[in-house]
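# Need a 3D model of the following:
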Amino acid sequence: MNFNSKLTKVSALVLATGMLVGANSLAVEAMPVAGAANFMNLRQLNNQATTTASSTYTTRAGAAATSEAILSSTRTADVNGAAAPATDVTENSSESTENTDSAETTETTETTETAEEVVPSGVSTAATVSSRDGRFVVEANGDTISSTDTETGEVSMITAVHTVAVDAANEYANIGIATVTDYVNVRSEANTDSDVVGKLYTNNACNVDAEVNGWYKITSGNIVGYVSSDYVSVGDTDLINQASRKIAKVNTETLYVREDSSTDSSVIDMVPLDEDLTVVDDSTKDSGWVKVSVNGEEGYVSTEFVGLTTEYTYGETKEEEEQRLANERAAREAAAAAARRTTGGSSAAVSTAAANANYTYSAPSGSNGSAVVAYASQFLGNPYVYGGSSLTNGTDCSGFVMSVYRAFGVSLPHSSAAQRGVGYGVTDMQPGDIVCYSGHVGIYAGGGSIINASTPSTGIIYSNVNYAPILAVRRIF
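Next up, the predicted model:
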């Protein structure tokens, strides 16, 4: 990563240079600041270097050097293989590509060909290691991080927390986003003749590890493979922000969403434990507040009562896709069977304990989305009650969806966040589908509207399906 601009504190033991010392090799690889960083075992390297001077160390970019060369003079290891190359460091041919992935020892050759697999342009990580006055010294950005006695192996940490300058844009330097309308295949090798190992769908994120002849080597969820660079945009901050979702997850029993960033401000909504809200502005987080979206409105929540994370969607392996499709089929069949058992094809009127005791509601009939809407619409105008689940005496949004589907024999969680994971995901909304928003959920009624338990002032009403950004659409039947 480029060490300029924004200051970020990084633990000295978790050095953001990403330098990892193994039993026989030193592999240097790029990674985003927010990602997992490797650490350096100084004593292990010192012991190996003093006893096995002929061992070869290979960087991700394919540059190789002996331990003797590393200790004899100061060297900078750069993952792009371009920073301060020493005369005793040569770049291997494409053979080194496979070896560096498994951190195996690579034989030094005399060729000066550029390695076939390289880290994408703009992604770099550097650190300096040297032998000085009987000590093995690690430096970054001109500062000494640690010093190891070459005789005793004693390690002295210069500082417990080391401050280095990090290019803010580099946080996303090797994050890729799939720019496809449906999906792109991920293959086992960098060509279209190789096996398909998974798929990246629209806006799926991946970590781009290398570029090989117009292909990116990527990791996305459990997928590791190659995808054509034509279908992945790398390091585009705007696109990454659009494809990801900043989340405030509630960690208190009841979270107050306020009109302004102050406890003196009016409460505009309440959100229960474990729900999550979309963060629309985190510029005030240092002062203890973030702006969130909830039920079509925007307000502020205290960072004391939420956990802040960033959510990405990832691709799926071939096996995961097969399992998902099988699970979806099973879920559809189980839901239909439950609905048939519960409704029994009857449409007889039933009495329900309600605010209006003289009103009767029809029992659910059928086992499809239209039947769900027909049943749910009977409760229009009934009250909204925070935490409630009574279709007649008061319910909140997720309680409404849960109770409607319970009448069809389908068990759903009482949580709008959890309901984003029920059934199976679809893009073509049909009546009966569950439409999920930040802090809210409803049932698609057709014609561009949802039926939902909206607010205390409105109760159960119809709303425009696009009244707020849609996070997911889930189908039960």
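# which intervals of the stretch 51-200 of the chain have sub-threshold pLDDT?
51-132, 135-170 (pLDDT under 70).
# Mind doing that once more with 50?
51-126, 141, 157-169 (pLDDT under 50).
# residue boundaries of the helices in the chain?
Using DSSP state H, the helices of the chain run over 42-51, 67-72, 95-101, 237-243, 318-343, 369-376, 397-406.
# Quick check: residue 282 touching residue 289?
No. Assessed by C-beta atoms under 8 Å, residue 282 is found out of contact with residue 289, at 9.2 Å. To be clear about C-beta, it is placed using only N, CA and C from the backbone, and glycine gets the same treatment.
# Looking at the two, which one has more neighbours?
residue 289 (23 against 16; other C-beta atoms under 10 Å).
# Can you tell me the closest non-neighbouring residue to that one?
residue 261 (3.7 Å; C-beta to C-beta, 6 or more residues apart in numbering).
# Tell me how many other residues crowd the one you found.
Neighbour count for residue 261, taken as other C-beta under 10 Å: 16.
# could you measure it against residue 233, distance?
Distance of residue 261 to residue 233, computed by C-beta to C-beta, to the nearest Å: 34 Å.
# which residues of the stretch 201-350 of the chain score low on pLDDT?
Scanning the stretch 201-350 of the chain for pLDDT under 50 picks out the ranges 345-350.
# Mind doing that once more with 80?
The stretch 201-350 of the chain contains residues with pLDDT under 80 at 342-350.
# domain assignment for the chain?
Split into domains by automatic domain parsing, the chain comes to 7-167, 174-241, 244-311, 316-475.
# And the second one, end to end?
For domain 174-241, the separation between the terminal residues is 14 Å (C-alpha to C-alpha, to the nearest Å).
# Hmm, residue 382 is touching residue 459, no?
Yes. In this structure residue 382 lies within contact range of residue 459 using C-beta under 8 Å: 5.8 Å.
# ok, those two, which is more surrounded?
Neighbours of residue 382 and residue 459, each counted by other C-beta under 10 Å, are more numerous for residue 382; the result is 22 against 18.
# so the closest residue in space to that one that isn't next to it in sequence bridges to which residues?
Once flanking residues are discounted, residue 382 sits nearest to residue 460: 5.0 Å by C-beta to C-beta, 6+ apart. Beta-bridge pairing for residue 460 (DSSP bridges): residue 453.
# wait, doesn't residue 460 sit right on residue 451?
Yes. The pair residue 460 / residue 451 is scored as a contact, 6.9 Å apart, by C-beta under 8 Å.
# And stretch 434-448, what's buried?
Of all the residues in stretch 434-448, those buried under the rule 16 or more other C-beta atoms under 10 Å are 434-446.
# no no, stretch 212-221
212, 215, 216, 217, 218, 219, 220, 221.
# wait, which of the residues you listed is closest to residue 276?
The closest of these to residue 276 turns out to be residue 221 (C-beta to C-beta; 19.6 Å).
# Apart from its chain neighbours, what residue comes closest to that closest one?
In space, residue 221 is closest to residue 314, 3.3 Å off (C-beta to C-beta, 6+ apart).
# check contacts around residue 325.
Applying C-beta atoms under 8 Å, 6 or more residues apart in numbering to residue 325 gives no contacts.
# So which bits of stretch 205-213 are buried?
Under 16+ other C-beta under 10 Å, the buried positions of stretch 205-213 are 205, 206, 207, 208, 209, 210, 211, 212.
# oh, I was asking about stretch 318-329
Per 16+ other C-beta under 10 Å, stretch 318-329 contains these buried residues: residue 320.
# What would that stretch look like as PDB? C-alpha coordinates only.
C-alpha atoms of stretch 318-329 as PDB (Å, rounded to 0.1, in the frame of the first residue of the first chain):
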ATOM      1  CA  LYS A 318     -20.800 -24.500  -7.900                       C
ATOM      2  CA  GLU A 319     -21.600 -26.700  -4.900                       C
ATOM      3  CA  GLU A 320     -23.100 -23.800  -3.000                       C
ATOM      4  CA  GLU A 321     -25.400 -22.900  -6.000                       C
ATOM      5  CA  GLU A 322     -26.600 -26.500  -6.200                       C
ATOM      6  CA  GLN A 323     -27.300 -26.600  -2.500                       C
ATOM      7  CA  ARG A 324     -29.100 -23.300  -2.600                       C
ATOM      8  CA  LEU A 325     -31.400 -24.400  -5.400                       C
ATOM      9  CA  ALA A 326     -32.100 -27.700  -3.600                       C
ATOM     10  CA  ASN A 327     -33.000 -25.800  -0.400                       C
ATOM     11  CA  GLU A 328     -35.300 -23.400  -2.300                       C
ATOM     12  CA  ARG A 329     -37.200 -26.300  -3.900                       C
END
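# circling back: contacts only, for the residue nearest to residue 382.
Residue 460 neighbours (C-beta under 8 Å, 6+ apart): 379, 380, 381, 382, 383, 384, 395, 400, 451, 452, 453, 454.
# Dump these to a markdown table, plus distance to residue 255 and pLDDT.
Formatted as a markdown table, the contacts of residue 460 follow (distance: C-beta to C-beta, whole Å; pLDDT from 0 to 100):
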| residue | distance to residue 255 | pLDDT |
| --- | --- | --- |
| 379 | 27 | 97 |
| 380 | 28 | 96 |
| 381 | 28 | 95 |
| 382 | 25 | 96 |
| 383 | 22 | 97 |
| 384 | 17 | 97 |
| 395 | 19 | 97 |
| 400 | 20 | 98 |
| 451 | 26 | 98 |
| 452 | 20 | 98 |
| 453 | 18 | 97 |
| 454 | 19 | 96 |
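# Perfect, I'm done here.
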